[in-house]
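Participant: The following comprises the amino acid sequence and a computationally predicted model.
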Amino acid sequence: MLQNQTNNYYIMKQILFKRSLILLAILWGSVGISNSQTSVNINYFFDSTWTVSCPTPTVIDFHSYGTALGYDPATDSIDIYISFGDGSDTTFTVPIGSIADFSFWLQHTYSLAGTYMTNMIATAPDGASDTLTHGPIYILDDCATIIGVTYMDNNSNCIFDAGDDTLKYHPIEIIEASTGILLEQTWTNNLGMYSATVPSGVNLEVHATAVPGATLNCPSSGMYSFNIPTGSISSYDFAYSCDTAHFDLSTFVSGAGFAPGWFGYMYVSAGNLSCQPQSGTITLTLDPLVSYVSTHAGTAPSTVASNVLTWNTPSMSVSSVYSGWFSQFYAWIQITTDTNATIGDTVCHTISIAPTAGDIDITNNQFSYCMPVLASFDPNMKEVTPKGMNTSGDVDPGTTFTYTVHFQNTGNYPATNVYVLDTISAHLDLSTMEIVAASHEMDVLDLGSGIFKFQFNNINLIDSVSNEPESHGHVTYRIKTLNGLPIGTEIENTAHIFFDYNDAVVTNTTLNTIAVVSSITEKTEHKANLYPNPAQNILNVEFESAVQGKLAIRDLSGRLISSIRINGSRTTIDAAPLAKGIYSLDLNGSFVGKFIVN
């Protein structure tokens, strides 16, 4: 047993190296034989263990996705060779998809405990190939299980009992005690409970993250230290007490389908991130080119006045029952875009929630959401807010991005399971990641090395042929850039969407670039005179010639503050409502100039 414990400790120490190898493999792969006409690349090759798996024998799932450019999907295929590291291997062939990609699922049984490295080679008909080594994979005989619940301890007895409210979908961190390395992050489920498999005989810690407006009382140290024997199941609960003097309302909106004459969808969500119950009033102001049609799911607006929609929410708290995945309040509305909308124009919407008095964080009480008008749209896409300035998506250092992955079952049969695989850019701070909203119940899996899996098990997503409105889904998360990123750092993100065991649907790639938006001098297609500058009440904008489109005011982070339409050579902007500071002005996304409000 002592030898097993020593081996387990050694394995735990190497998990960090495993995750680093996975990240390098996904970001870079291994470039094999290729020529100027064809190329093969393994984008990723991963397994279902990520930390450890036990006891033996154990079945491990492997999954890979790659691209094969320059080949004919009708006649060409990719030969796959995999060595599992335990003396066994396999060879098989996979087809090339219509978008020059290939993927597969595979299971392998490891009979003996050990540390295994796997090797994958993908070879095309002309000999072009790519190789990727994946591992270590840790298979152990000696594991244990920890379980627990996170809850609001309403009677202050440090015991989860009747009358206590659970904290659903709350992050839990498992850390190696001697190094402080984060070995695993998991989330509680819709009952506030979590479960994790951990190596036995190793000094570990389990932590629960902070809750706004609440204090973690039990355990008093804020975490549990443990070293538990093989096969044991140990329980570690986390009890919070509530600050009844404050609340933290938050709201968000996203959507898709902003094309002239098309029906599209917008998703409104809100919640209270604190434990003090509070109701709210949501106000959504649609762009003048977008009109409300109906409510597809959730709560219908309390009032609709032209393009302004309002909702009155029930009393909400962080322990409330969620109607969406992370949303205590949720509405799914259908909209239409005016046929007079110009392709390439931008529609901007603003959403806010009141009251703000007594709110401990009013920065999340308002959100601006802008999307380009398209001739048509891909229902499987990824979007980022703020989009940033110029085609490079310039944003200031320290920007917080909100990403939404939209997906739709465009087949002719329901999808039982859907999952989104998202490799977070290495330039983003994983510790700041916050799940904002999703269309359906899901599990979040931190697969290590910045890879997140949003797993919609038993979603039974209807196909678009049978029921177009019900065939859509989405997931939204918020994350901040790392501190100290150099100017010019590019942040790209692409998601892969899987419907059952079908090939991956690859989204577009979002792009943002770190710049000093607040001070850079930018080229502009439209010369304009801004005066008086600094402004107090009125800002005059005069162009050298007539222009047409949307004139947008943004703060230093690129966040949209307000916008007006212009058709001519001059207009005025009401600067009185603007807070003191520096703002930029752009016309249809093209930089115009900067002005100061004092």
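Facilitator: Received it, and whenever you're ready, just let me know what you need. Every value quoted in this text rests on a predicted model; they were computed, and no experiment measured them. Numbers count the residues shown, from 1 in each chain.
Participant: and the residue lying closest to Y71 once chain neighbours are set aside, how many neighbours?
Facilitator: Distances taken as Cβ to Cβ, 6 or more residues apart in numbering place I96 nearest to Y71, at 5.4 Å, with adjacent residues excluded. Backbone N, C-alpha and C define where each C-beta goes, glycine included. Counted with other Cβ atoms under 10 Å, the neighbours of I96 add up to 24.
Participant: Could you report the pLDDT at I96?
Facilitator: I96 carries a pLDDT value of 92.
Participant: now T336
Facilitator: Reading off the model, T336 has pLDDT 93.
Participant: my read is it is in a strand, agree?
Facilitator: Yes - counting by DSSP: H, G, I helix; E, B strand; the rest coil, T336 falls inside a strand.
Participant: starting at the chain centroid, how far to stretch 192-210?
Facilitator: 24 Å (Cα atoms, centre = their mean, to the nearest Å).
Participant: ditto for stretch 562-569
Facilitator: Relative to its parent chain, stretch 562-569 has a centroid offset of 33 Å by Cα atoms, centre = their mean.
Participant: go on, stretch 211-219?
Facilitator: Chain-centre distance of stretch 211-219: 26 Å, with Cα atoms, centre = their mean.
Participant: From the rest of the structure, what touches that stretch?
Facilitator: The contact list for stretch 211-219 (Cβ atoms under 8 Å, 6 or more residues apart in numbering) reads 152-153, 156, 158, 167, 170, 208, 210, 222, 237-243, 246-248, 273-276, 318, 360-361.
Participant: which of these count as buried?
Facilitator: 152-153, 167, 170, 208, 237-243, 246-248, 273-276, 318, 361 (16 or more other Cβ atoms under 10 Å).
Participant: mind listing which of the residues you listed are in strands?
Facilitator: Per DSSP state E, strands hold the following members of the buried ones among the contacts of stretch 211-219: 152, 208, 238-242.
Participant: Among those, which one lies nearest to S269?
Facilitator: Comparing those against S269 with Cβ to Cβ places M152 closest, at 21.7 Å.
Participant: give me every residue that touches that closest one.
Facilitator: Contact analysis of M152 by Cβ under 8 Å, 6+ apart lists 164-167, 214, 239-242, 275, 318-319.
Participant: please redo it, this time with the cut-off set to 6 Å
Facilitator: Residues counted as contacts of M152 (Cβ atoms under 6 Å, 6 or more residues apart in numbering) are 165, 240, 242, 275, 319.
Participant: Check T58 too.
Facilitator: 110, 139.
Participant: can you list the weak-confidence ranges in this protein?
Facilitator: In the predicted model, the chain carries pLDDT under 70 at residues 1-36, 48-52, 321-326, 376-377, 448-449, 517-526, 556-559.
Participant: Please enumerate the helices of it.
Facilitator: Ranges of helices in the chain, per DSSP state H, are 2-28.
Participant: okay, now the domains of it?
Facilitator: Residue ranges for each domain of the chain read 2-139, 143-242, 378-516, 528-597, as given by automatic domain parsing.
Participant: would you turn those domains into TSV with distance to L309?
Facilitator: Converted to TSV, the domains of the chain look like this (distance: least, Cβ to Cβ, whole Å):
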stretch	distance to L309
domain 2-139	38
domain 143-242	27
domain 378-516	17
domain 528-597	18
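Participant: May I have the distance across stretch 584-598, first residue to last?
Facilitator: In stretch 584-598, first residue to last residue: 15 Å (Cα to Cα, to the nearest Å).
Participant: Just give the closest residue to I573, not the sequence neighbours.
Facilitator: L539 (4.3 Å).
Participant: dump the residue contacts of the one you found.
Facilitator: Per Cβ under 6 Å, 6+ apart, neighbours of L539: 573, 575, 595.
Participant: cool, T350 as well?
Facilitator: 285, 368.
Participant: can you do 8 Å?
Facilitator: T350 touches 284-285, 366-369, 560, 562, counting by Cβ under 8 Å, 6+ apart.
Participant: can you check T572 too?
Facilitator: 538-541.
Participant: please redo it, this time with the cut-off set to 7 Å
Facilitator: 538-540 (Cβ atoms under 7 Å, 6 or more residues apart in numbering).
Participant: Looking at those residues, spot the one nearest S590.
Facilitator: The closest of the contacts of T572, once distances to S590 are taken by Cβ to Cβ, is L539, at 18.1 Å.
Participant: okay, now the closest residue to A426 other than its chain neighbours: neighbour count?
Facilitator: Residue nearest to A426 in three dimensions, not counting chain neighbours: G450, with 6.3 Å by Cβ to Cβ, 6+ apart. When neighbours are counted by other Cβ under 10 Å, G450 registers 19.
Participant: likewise the one 10 residues further on?
Facilitator: If you count neighbours by other Cβ under 10 Å, N460 ends up with 14.
Participant: can you map out the strands along the stretch 51-200 of the chain?
Facilitator: Taking DSSP state E, counting those that start in this stretch to define them, one finds strands in the stretch 51-200 of the chain at 58-69, 77-83, 89-95, 101-110, 114-123, 129-139, 143-152, 165-166, 171-176, 182-187, 193-199.
Participant: I figured T299 hits A331, correct?
Facilitator: Yes - T299 lies in contact with A331 (Cβ atoms under 7 Å); the separation is 5.0 Å.
Participant: which neighbours do those two share?
Facilitator: Among the neighbours of T299, those also in contact with A331 (Cβ under 7 Å, 6+ apart) are W311.
Participant: The two: which has the busier surroundings?
Facilitator: Set T299 next to A331 and count neighbours by other Cβ under 10 Å: A331 wins out with 25 against 18.
Participant: what's the closest of the ones in strands among the buried ones among the contacts of stretch 211-219 to K480?
Facilitator: The closest of those, once distances to K480 are taken by Cβ to Cβ, is A208, at 20.9 Å.
Participant: residue contacts, that closest one?
Facilitator: Neighbours of A208 in contact, by Cβ under 7 Å, 6+ apart: 150, 170, 172, 216, 238.
Participant: Tell me the spacing between the fourth one and D555.
Facilitator: So that's L216. 34 Å (Cβ to Cβ, to the nearest Å).
Participant: now swap in the last one and tell me
Facilitator: Shown here: F238 relative to D555, a distance of 37 Å by Cβ to Cβ.
Participant: Next: A144.
Facilitator: A144 is 50 Å from D555, by Cβ to Cβ.
Participant: who has more neighbours, the two?
Facilitator: A144 (22 against 19).
Participant: Assess the claim that the more buried one and N227 are in contact.
Facilitator: No - assessed by Cβ under 7 Å, A144 is found out of contact with N227, at 9.5 Å.
Participant: ok, and the closest non-adjacent residue to A504?
Facilitator: Leaving aside its chain neighbours, A504 sits nearest to H496 (4.2 Å; criterion: Cβ to Cβ, 6+ apart).
Participant: what about that neighbour, how many neighbours?
Facilitator: Count around H496 with other Cβ under 10 Å applied: 21.
Participant: so it bridges to which residues?
Facilitator: On the basis of DSSP bridges, H496 is bridged to L421, V506.
Participant: check contacts around it.
Facilitator: The neighbours of H496, taking Cβ under 7 Å, 6+ apart as the test, are 65, 421, 504, 506.
Participant: all strands for the stretch 201-350 of the chain, in order.
Facilitator: Counting by DSSP E, counting those that start in this stretch, the strands of the stretch 201-350 of the chain are 204-208, 214-218, 223-226, 233-235, 238-242, 249-256, 263-272, 281-285, 290-298, 303-305, 308-312, 329-337, 346-354.
Participant: got the CA positions of stretch 142-154 in CSV?
Facilitator: What follows is stretch 142-154 as a C-alpha-only set of coordinates in CSV (Å, rounded to 0.1, in the frame of the first residue of the first chain):
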residue,chain,number,x,y,z
ASP,A,142,-5.9,3.2,-5.7
CYS,A,143,-8.5,5.9,-5.9
ALA,A,144,-11.1,7.5,-3.6
THR,A,145,-14.2,9.6,-4.0
ILE,A,146,-15.1,12.9,-2.5
ILE,A,147,-18.6,14.3,-2.5
GLY,A,148,-20.4,17.3,-1.0
VAL,A,149,-23.0,20.0,-1.2
THR,A,150,-22.7,23.8,-1.2
TYR,A,151,-25.6,25.5,0.5
MET,A,152,-26.9,28.6,2.3
ASP,A,153,-26.9,27.7,6.0
ASN,A,154,-30.1,29.5,6.9
